[in-house]
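Asker: Predicted model and sequence follow; I will ask about them next.
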Amino acid sequence: MIVRVSEARVRPERFDAFRDMIVSAVREFPDRYPGLVDHEVLLAPPHSLLYVSRWRGEEDLVHYAGEKWREQPVVLPGEDEYLLEPLRVRHFEQDSLS
């Protein structure tokens, strides 16, 4: 499993609107991307929002984010107007605790 974390640094005055846009956009992702195991939006107002998604594997991430999924975040149309800086994306592999 691969955990993908996209971090947005948001303009404080646009935080609520950005949150609403992201939640609305990702709501349909499980139906569109069968390799998406789980996802959540984490909030740290007034500046930070994380979109955390868990994927079965690399092939599923390529289907979602393209061949450069390791380096390039997925940016929604109009997203730039909400942000203080470009999105950051990081990936983690899940390890067993046993």
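Answerer: Great, that's in hand.
Asker: The longest helix belonging to the chain packs against which elements?
Answerer: Residue-count comparison of every helix in the chain, with assignments taken from DSSP state H, identifies helix 15-26 as the longest. In this structure, helix 15-26 packs against strand 36-44, strand 48-55, with contacts taken as 3 or more CB pairs under 8 Å, 6 or more residues apart in numbering; DSSP states H and E. Using the backbone N, CA and C atoms, a C-beta is placed for each residue, glycine as well.
Asker: what residues are up against the residue nearest in space to the middle of the chain?
Answerer: Relative to the mean C-alpha position of the chain, the nearest C-alpha, by CA atoms, centre = their mean, is the one of Y51, at 3.5 Å. With contact taken as CB atoms under 8 Å, 6 or more residues apart in numbering, Y51 is in contact with 5-6, 8, 22, 26, 39-42.
Asker: cutoff 6 Å now
Answerer: In this structure, Y51 makes contact with 6, 41, judged by CB atoms under 6 Å, 6 or more residues apart in numbering.
Asker: same question, R56
Answerer: R56 makes contact with G35 under the criterion CB under 6 Å, 6+ apart.
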